[in-house]
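Enquirer: Quick one, structure for this:
(chains A and B)
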Amino acid sequence: MANLYLTEQNSILRKTGDRLIVQKNDETLLDVQCHKIEAVLIFGNVQFTTQVVHELFTHGIEMAILTRTGRLVGQITSPFTKNIALRIEQFRKYEDEGFRTRISREIVAGKIGNCLRMLRNFSYNHPDIDLGESAVDLKAKLAAVAGAADIEQLMGIEGDAARTYFQGFGRMLLGDFGFPGRRKRPPTDPVNAMLSLSYTMIFNEISSLLDGLGFDPYLGYFHSVSYGRQSLAADLMEEFRAPVADRLTLRLVNDRIFSPDDFRANPGGDGVYFKREPMKRYFAEYEKLVSGEFTLGETGERTTLRKCFRRQAEKMAAVIRDDAVYAPFRPEG
Amino acid sequence: MLYLVSYDIPDDRRRTRLAKTLKDFGDRVQFSVFECLLDAAQSAKMRDRIQDIISEAEDSVRIYSLCGGCERAIAIIGQGEVTKNEDVYIL
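Expert: Modelled structure (predicted):
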C-alpha cells in the first residue's frame, strides 16, 4: 500500500465508487482504488469532500493535513480502534515516577546512541574529516544518561548532546549548503528546512501509528504533558531522528540531490522552504528511504524503517502492559 | 495476486454496471478486460459484487488468477502495460 501526497494547489480530492479521484480544472490528475492507499497527506490549498473522508474512514486510511511548506496542522483518523485497556495502562504508568525515569533514560540513550552511530559511520567513510571530539563528547553524554537521577537531568543531557551532535553534523555536510546549527520554527536555511520537514514526516507517521494502536499520543513520559503537544509521539520519535531524518538530509546534501535553487524564502513571513517541484522530489526520496529494505542488526530479519516505526510502537505497548525494559531502535548491531 | 477479468454481457445496463464495479478493484486494460491486483479478501468481495450484477442465464464473466511466474510471463503486443502497484503517489 502506498502513501498519497497531494501538493497540487487548488486541486480537489473526491471519490467515485471505491476510488479516489484528484481533479483540477476538470482534468483528472489521479484515479486510484482505495485499497491501494494507506495514508493521504494534504499540503496547503487542496480541497476534499465529506464523502471522501467517509470513504477513507471505511478503508482505515489515515489523513494528515499540512501547510504548503510541510508543517503538520492536524490529522483525521477514524475512531475505529480505541484500545481502552492500553490507554488506561498508559495513564497509570504516567503516575509511576520510577517508570517514567527508566523509560526516559532508554529514550535518551537510544537517541544519543544513534547520533553517535551516525558520526562513526561517517568517520569510517571520511577519515579526513575529524569528528573525534564530537564522538568523545557524545560518548560521555551517553555514559551520563545511566547516572541521571530524574527527567530534568535527562533533558539537560539530551540538550547538550544535541548541540554537540549538530556541531559534528555541520562538518559532515559536504555540498553547497552552509549550516549555522539547528534552527527551527522557522528553519532559516535549506539544511534546516530539510531537517524540519523530515522530522515532521516521521512525527506524522508515528503519531498516527500510536493513535491507530490505541495509545493516547498526547500523554508521553519523557516529554512533559503540554496543551496540544503529542508528547508520546515526540518520545518515540527521538531514536529515529538521526537514522532517518538526519541521514536523509545528509544524503540529499552530500549526493547533491538538491541545490540552493530548490529553496525559497517564505514570501509571507520568515523561514526558508522547499519550492513545490523539489518538494515532490523530496517525498520520493523520503519514501525510498523509509520503505527500502535493510537487515536489522538485532534479529537479522529483512525490514524497512517504516516497519520499524510500527515495531517500536508495539514494543512501547508491551513495555506499558508488562513493565518490560524498552529497547530503542538501533539500525545495526 | 493479479487477476484477469473479462466479460461478455449483451445487456448495456448490466455491462456498464459491471465495468463501474470492476473499476473499484482494478484497471481497465481493454474494452471488456480488467487487470486487478487483489488480496484474498478483496477478490472474494469482487466475486460477490460480480455475482450481484450479472444474469447467469445470459452473461459470462471469466476470472483468471495469475501466479507470480505467469504474471512475469505476460506478453503485450501493441499498446498497454501490465498493472502494477505504485510505491507512492505524488501530485
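
Enquirer: Close to chain A: what parts of chain B are there?
Expert: Residues of chain B that fall close to chain A, judged by C-beta under 8 Å from any C-beta of the partner chain: B:20-21, B:23-26, B:37-38, B:42, B:85-91. In this view, the C-beta of every residue, glycine as well, is placed from N, C-alpha and C.

Enquirer: cutoff 7 Å now
Expert: B:Lys20, B:Lys23, B:Asp24, B:Phe25, B:Gln42, B:Asn85, B:Glu86, B:Asp87, B:Val88, B:Tyr89, B:Ile90, B:Leu91 (C-beta under 7 Å from any C-beta of the partner chain).

Enquirer: burial measure for the residue nearest to the last one when sequence neighbours are not counted, as a count.
Expert: Beyond its immediate neighbours in the sequence, the residue positioned closest to B:Leu91 (C-beta to C-beta, 6 or more residues apart in numbering or on different chains) is A:Glu8, lying 4.8 Å away. Here the count is done by other C-beta atoms under 10 Å in any protein chain shown, and A:Glu8 has 21 residues near it.

Enquirer: Three-state assignment for A:Glu8, please.
Expert: The three-state label given to A:Glu8 by DSSP: H, G, I helix; E, B strand; the rest coil is coil.

Enquirer: Same check on B:Val61?
Expert: Going by three-state DSSP: B:Val61 is strand.

Enquirer: Give me the pLDDT value at residue 25.
Expert: Let's take chain A. On pLDDT, A:Asn25 comes in at 90.

Enquirer: The chain in question should be chain B.
Expert: 93.

Enquirer: quick one on the thing from earlier: by neighbours, which of the residues of chain B next to chain A wins?
Expert: Of all the residues of chain B next to chain A, the highest neighbour tally under other C-beta under 10 Å goes to B:Phe25, namely 24 neighbours.

Enquirer: In three-state terms, how would that residue be classified?
Expert: B:Phe25 ends up coil, using three-state DSSP.

Enquirer: correct me, but it touches B:Leu37?
Expert: No - using C-beta atoms under 7 Å, B:Phe25 is not in contact with B:Leu37; the gap is 8.8 Å.

Enquirer: Any residues of chain A in contact with chain B? List them.
Expert: So chain A meets chain B at A:2-8, A:11, A:17-19, A:22, A:29-30, A:32-33, A:35-36, A:280, A:283-284, A:287, A:291 (C-beta under 7 Å from any C-beta).

Enquirer: returning to that earlier point: mind giving me TSV with the residues of chain B next to chain A and columns for secondary structure?
Expert: Shown next, in TSV, are the residues of chain B next to chain A (three-state DSSP):
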residue	secondary structure
B:Lys20	helix
B:Lys23	helix
B:Asp24	coil
B:Phe25	coil
B:Gln42	helix
B:Asn85	coil
B:Glu86	coil
B:Asp87	coil
B:Val88	strand
B:Tyr89	strand
B:Ile90	strand
B:Leu91	coil
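
Enquirer: Doesn't A:Ala318 lie inside a helix?
Expert: Yes - with three-state DSSP as the criterion, A:Ala318 is assigned to a helix.

Enquirer: just to revisit the earlier point, how about the residue nearest to B:Leu91, what does it touch?
Expert: By C-beta atoms under 7 Å, 6 or more residues apart in numbering or on different chains, the contact list for A:Glu8 reads A:Lys24, A:Leu29, A:Val46, B:Leu91.

Enquirer: Which one of those residues is nearest to A:Gly175?
Expert: Nearest to A:Gly175 among the contacts of A:Glu8 is B:Leu91, at 28.1 Å by C-beta to C-beta.

Enquirer: And that closest one, how far from A:Ala327?
Expert: 39 Å (C-beta to C-beta, to the nearest Å).

Enquirer: how about the CA coordinates for the one helix or strand A:Leu210 maps to, as CSV?
Expert: Using DSSP states H and E, A:Leu210 sits within helix A:190-213. C-alpha atoms of helix A:190-213 as CSV (Å, rounded to 0.1, in the frame of the first residue of the first chain):
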residue,chain,number,x,y,z
PRO,A,190,17.9,24.9,3.3
VAL,A,191,19.6,22.3,5.6
ASN,A,192,17.3,23.2,8.5
ALA,A,193,14.4,23.2,6.1
MET,A,194,15.2,19.6,5.1
LEU,A,195,15.7,18.6,8.7
SER,A,196,12.4,20.2,9.8
LEU,A,197,10.4,18.6,7.0
SER,A,198,11.9,15.2,7.7
TYR,A,199,11.1,15.5,11.4
THR,A,200,7.5,16.4,10.5
MET,A,201,7.3,13.4,8.2
ILE,A,202,8.3,10.9,10.8
PHE,A,203,6.4,12.6,13.6
ASN,A,204,3.3,12.3,11.5
GLU,A,205,3.8,8.6,10.8
ILE,A,206,4.5,7.8,14.4
SER,A,207,1.6,9.8,15.8
SER,A,208,-1.0,8.3,13.5
LEU,A,209,0.5,4.9,14.3
LEU,A,210,0.2,5.4,18.0
ASP,A,211,-3.3,6.6,17.6
GLY,A,212,-4.1,3.5,15.5
LEU,A,213,-2.7,1.1,18.1
